[in-house]
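Enquirer: Predicted coordinates and the sequence they were generated for:
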Amino acid sequence: MNKQHTHSNLIHEELSYEVKKILFDIYNQLGPQLPEKLYQRAVNRGLKEQGITYEQEKKFEVIYREKSAGTYYLDHWIENGKLLLELKVAPKIMPIHQAQTISYLKVSDVDLGIIVNFGATSLETKRLPNFIRDKTVDFQWQPQPLTGDILYPVLSQNILKALHRVHLTLGPGFIHRVYRQAIRIELQQQDIGYESIRRIQFYYKNYYLGEQKVQILKVENKILLGVFALEKVDEVMEVVMKARLKRFEIKLGLLANFYGRRLMLKWVLNT
């Protein structure tokens with residue numbers, strides 16, 4: 001994909017200027033902190049009136065180690081990949097919003113990302129040129145310190161290595177199933193055996209109650225691995241993991257949250 005530069009050396013300066021005019025007009029007309037879908041519709045209308053081509057909810061495939069890890073959708077894909085627009089309604093543009101948009105630039109190969117926030121006292125925008133398209137992932141693994149009560153230290157380190165490599169390669173911003181599939185691919189790459197548990201049946205006093213859909217990886221029949229991407233994680237998730245450990249008679253579990261700029265991990269013991 002060819003980059004276009006102007007005399008000021010800004011990527012797609014004229015296009016981004018026209019898009020920003022639309023965004024400022026929308027903010028001035030509607031004000032802040034409306035539901036995001038209303039701003040999406042307004043952006044669609046503004047782009048159409050200016051003759052700017054776009055696709056809303058543009059579908060892309062996430063490739064990890066040359067295999068598909070699933071799909072995701074861009075808010076607005078403008079002028080055939082010159083620009084992506086990410087809409088936010090938040091108190092301010094946060095570092096996590098920038099990290100997520102960089103992840104989308106990396107996977108989609110779009111030239112320029114613009115984050116726009118309609119949630120503050122004035123319109124906020126952030127330009128993010130795609131300077132990472134030619135960079136390769138340089139993953140250097142250093143074994144992580146484990147507490148004395150962590151079982152299976154070699155297997156645990158190998159799982160941690162897989163989790164960190166996926167996080168470094170993909171970055172934040174994708175949905176749960178993308179990270180889960182990437183972890184499956186990475187475990188296969190490391191020749192680590194696992195089983196995907198998708199349903200759990202429940203009984204009470206030998207009476208069948210029904211089943212629950214779940215997404216857990218049982219690694220080498222020794223560790224239960226929960227992979228997700230949530231902005232907020234409560235203590236209930238740890239309690240749920242303990243219940244699942246008991247259900248499968250496994251002693252060690254690991255919760256891995258890919259939401260933020262840093263991978264968040266929580267070991268859970270079946271005591």
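Expert: That came in fine, so what should we check first?

Enquirer: drop to CA atoms for contacts and neighbour counts, all remaining ones
Expert: OK.

Enquirer: strand partners of the host helix or strand of Ala69, parallel vs antiparallel please.
Expert: Assigned by DSSP states H and E, Ala69 belongs to strand 67-78. Its sheet considered, strand 67-78 pairs with strand 54-64 (antiparallel), strand 83-88 (antiparallel) by DSSP bridges.

Enquirer: Helix, strand, or coil at Ile185?
Expert: helix (DSSP: H, G, I helix; E, B strand; the rest coil).

Enquirer: Quick one: residues contacting it.
Expert: The neighbourhood of Ile185, defined by Cα atoms under 8 Å, 6 or more residues apart in numbering, consists of 64-65, 67.

Enquirer: Please check those and keep the buried ones.
Expert: Neighbour counting with 16 or more other Cα atoms under 10 Å marks Tyr64 as buried within the contacts of Ile185.

Enquirer: Tabulate the contacts of Ile185 in a markdown table, adding columns for pLDDT.
Expert: What follows is the contacts of Ile185, written out as a markdown table (pLDDT from 0 to 100):
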| residue | pLDDT |
| --- | --- |
| Tyr64 | 93 |
| Arg65 | 93 |
| Lys67 | 95 |
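
Enquirer: of the contacts of Ile185, closest to Val239?
Expert: Lowest distance from Val239 to these (Cα to Cα) belongs to Tyr64, with 31.6 Å.

Enquirer: Grab the nearest non-local neighbour of that closest one.
Expert: Ranked by Cα to Cα, 6 or more residues apart in numbering and with sequence neighbours excluded, the top spatial neighbour of Tyr64 is Ala182, at 6.2 Å.

Enquirer: is it true that Leu252 touches Leu155?
Expert: No. If you go by Cα atoms under 8 Å, Leu252 and Leu155 don't touch, sitting 11.3 Å apart.

Enquirer: Please list the outside residues in contact with stretch 62-82.
Expert: 12, 52-61, 83-87, 104, 107, 109-112, 169-170, 174-175, 177-179, 181-182, 185.

Enquirer: Please read the previous query as pertaining to stretch 100-114.
Expert: Applying Cα under 8 Å, 6+ apart, the set of residues contacting stretch 100-114 is 1, 3, 11-12, 60-63, 74, 81-86, 115, 125-130, 132-133, 170-174.

Enquirer: go on, stretch 39-51?
Expert: Counting by Cα under 8 Å, 6+ apart, 19, 22-23, 26, 53-54, 56, 87 sit against stretch 39-51.

Enquirer: Return the set of buried residues in that stretch.
Expert: 39-40, 42-44, 46-47.

Enquirer: next one: stretch 243-256
Expert: 244-245, 250-256.

Enquirer: can you tell me which of these are in strands?
Expert: 252-256 (DSSP state E).

Enquirer: which stretches of the stretch 101-250 of the chain have low pLDDT?
Expert: Within the stretch 101-250 of the chain, the ranges that satisfy pLDDT under 70 run 134-137, 148.

Enquirer: Please repeat the previous calculation with a cut-off of 80.
Expert: 132-138, 145-150 (pLDDT under 80).

Enquirer: before we move on, back to that, quick check: of the buried residues of stretch 243-256, which lies closest to Gly31?
Expert: Distance to Gly31 across the buried residues of stretch 243-256 (Cα to Cα) is lowest for Ala256, with 38.0 Å.

Enquirer: Could you check how far Asn117 is from Asp111?
Expert: 20 Å (Cα to Cα, to the nearest Å).

Enquirer: Which one's more surrounded, those two?
Expert: Legend: neighbour count by other Cα atoms under 10 Å for Asn117 and Asp111, higher for Asn117 (27 against 22).

Enquirer: The closest residue to that one other than its chain neighbours: neighbouring residues, count only.
Expert: Spatial nearest neighbour of Asn117, chain neighbours left out: Lys88 (4.6 Å); criterion: Cα to Cα, 6+ apart. Neighbour count for Lys88, taken as other Cα under 10 Å: 21.
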